[in-house]
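A.B. asks: Below are the sequence and a predicted model; questions follow.
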Amino acid sequence: MQTYPLSSLSLEEAVKLQFRVTDCITREFKGHEILNRGDMGVVPGLNKPITTNRAEKVIARIFDAEACMLVRGAGSGAIRLGLHSILKCGDKILIHKAPVYSTTRTSFEMLGLIQVEADFNDLSQLGEVLKDNPDIKGALVQYTRQKLDDSYDMEEVVRTIKRIRDIPILTDDNYAAMKVRYIGVQCGADLSCFSSFKLLGPEGIGIIVGKEKYIKLLVEENYSGGMQTQGHEALDVLYGLTYAPVALAVQAQVNEECVKRLKGGEIPQVKDVYLANAQSKVLLIEFKEDIAERVLLEAEKLGAAPNPVGAESKYEIAPMFYRVSGTVRKIDPGLERRMIRVNPMRAGADTILRIIKESVERVK
């Protein structure tokens, strides 16, 4: 099995990003304003809290974008609204030839969008699909891998689409933002959408950054007071964005250390280990015997989280030991019996390998 995980920020790059976030905050907020919990309600002229408006300017600056909007519905809600802003019911949308994330599929159905597939790993085929379908009105590109053998480069895909057809491109940056050097809009896309919850922020708040003309449309439609992101929530988004880069870079280093040590034979019962984006970057650990299910049961007793909360949310401290995804099971149904998925979260390599080792010993 061959995987092509995304290249993560180094710890040094993550520190610089943390400093950039903090610098952007100081350019929009006075000192005393960042030390309170913000305002609430629909301020005349803005129709949203002043704090939220300023936080959105900060986030736009962080990602070199024209505008930003904080929305309800987390990352899925952000994608849904983003698609609504660039397309109309019945429009054709270009997507990667791969399983579509369930909430994204629901958004297509809700918005009445017609899907046209192309293999983003093959830029020549991507170009042919665009030329053969002149009525395609927009494109969605998911940053992280939809299939384990996906290897496409976001910037190359966006550049190829724009060169052939100047259509709006929305990128799903969930599990990639603050981990990679450039998100979708920094690669030339029109909108990037992701969840604040996956970046140590509050539950339920999604982030849309990109072209002002699309975001302005959403702001005008988002008139109801109950739909606004309140000031304290917007500040919590900024707190998360400040701390996420370094935490996620450390997590990436732990992944790499675990791969090195497991491939080096530290735990004899492990046959192989892979690093993959599925959706977040995780370890896929294959055992020599069909013990995966029992290892997961023992790992939970030893402190490993048995399921995700927000997949890298502020609540997820212990490493997550979880069954492999449906995508992996399709490659080889037998992998479900001998392979597990591990996300380090805030744990170190010693903790993860200890839990694996002791779980295996208990099973044996």
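C.D. replies: Okay, I see it.

A.B. asks: Any regions of the stretch 251-364 of the chain where pLDDT drops low?
C.D. replies: Scanning the stretch 251-364 of the chain for pLDDT under 70 picks out 327.

A.B. asks: May I have the distance across stretch 330-346, first residue to last?
C.D. replies: 30 Å (CA to CA, to the nearest Å).

A.B. asks: List the contacts of the spatially closest residue to residue 291 that is not a sequence neighbour.
C.D. replies: Spatial nearest neighbour of residue 291, excluding adjacent residues (CB to CB, 6 or more residues apart in numbering): residue 363 at 5.0 Å. Heads up, the C-betas are built off the backbone N, CA and C, glycines and all. Residue 363 is in contact with 291, 294-295, 298, counting by CB atoms under 8 Å, 6 or more residues apart in numbering.

A.B. asks: and the two most separated of the residues you listed?
C.D. replies: The span of those, defined through CB to CB, is set by 291 and 298 at 9.5 Å.

A.B. asks: distance of residue 43 from residue 204?
C.D. replies: Distance of residue 43 to residue 204, given as CB to CB, to the nearest Å: 22 Å.

A.B. asks: buried stuff in stretch 252-270?
C.D. replies: 252-255, 257-259, 261-262, 267, 269-270 (16 or more other CB atoms under 10 Å).

A.B. asks: Would you map the helices across the protein?
C.D. replies: 11-28, 50-62, 74-86, 102-111, 123-132, 154-164, 212-221, 231-263, 292-301, 326-331, 335-338, 349-363 (DSSP state H).

A.B. asks: returning to what we had before: okay, the buried residues of stretch 252-270 in CSV with distance to residue 51 next?
C.D. replies: As requested, the buried residues of stretch 252-270 are arranged in CSV below (distance: CB to CB, whole Å):
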residue, distance to residue 51
252, 32
253, 34
254, 35
255, 36
257, 40
258, 40
259, 42
261, 45
262, 46
267, 49
269, 53
270, 49
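
A.B. asks: closest to residue 58 among these?
C.D. replies: residue 252 (24.7 Å).

A.B. asks: Grab the nearest non-local neighbour of that closest one.
C.D. replies: Leaving aside its sequence neighbours, residue 252 sits nearest to residue 8 (CB to CB, 6+ apart; 3.7 Å).

A.B. asks: ok, now which ones touch the one you found?
C.D. replies: So residue 8 contacts 179-180, 248-249, 252, 281 (CB under 8 Å, 6+ apart).

A.B. asks: what about 7 Å?
C.D. replies: Each residue near residue 8 by CB atoms under 7 Å, 6 or more residues apart in numbering is listed here: 179, 249, 252, 281.

A.B. asks: so which of the residues you listed is the most crowded?
C.D. replies: residue 179 (28 neighbours; other CB atoms under 10 Å).

A.B. asks: doesn't residue 248 make contact with it?
C.D. replies: Yes - if you go by CB atoms under 7 Å, residue 179 and residue 248 touch, sitting 5.1 Å apart.

A.B. asks: Could you identify which of the helices of the chain is most buried?
C.D. replies: Using mean count of other CB atoms under 10 Å, the stretch among the helices of the chain with the largest mean neighbour count is helix 74-86, at a mean of 24.

A.B. asks: pretty sure residue 17 contacts residue 246?
C.D. replies: No - at 8.2 Å, residue 17 and residue 246 do not qualify as touching, with contact defined as CB under 7 Å.

A.B. asks: Report the separation between residue 212 and residue 57.
C.D. replies: Distance of residue 212 to residue 57, given as CB to CB: 12 Å.

A.B. asks: ditto for residue 126
C.D. replies: To residue 57, residue 126 is 35 Å away according to CB to CB.

A.B. asks: Repeat that for residue 117.
C.D. replies: Look at residue 117 and residue 57: by CB to CB, they are 37 Å apart.

A.B. asks: do the same with residue 90
C.D. replies: On the measure of CB to CB, residue 90 and residue 57 end up 35 Å apart.

A.B. asks: Next: residue 21.
C.D. replies: 13 Å.

A.B. asks: what's the answer for residue 196, then?
C.D. replies: 16 Å.

A.B. asks: on that earlier part again, tell me the one of the contacts of residue 363 nearest residue 165?
C.D. replies: residue 295 (48.5 Å).

A.B. asks: Who are the contact partners of that closest one?
C.D. replies: 340, 359-360, 363.

A.B. asks: Which members of the buried residues of stretch 252-270 are the farthest-apart pair?
C.D. replies: Pairwise distances among the buried residues of stretch 252-270 were taken by CB to CB; the largest, 25.5 Å, belongs to 252 and 269.
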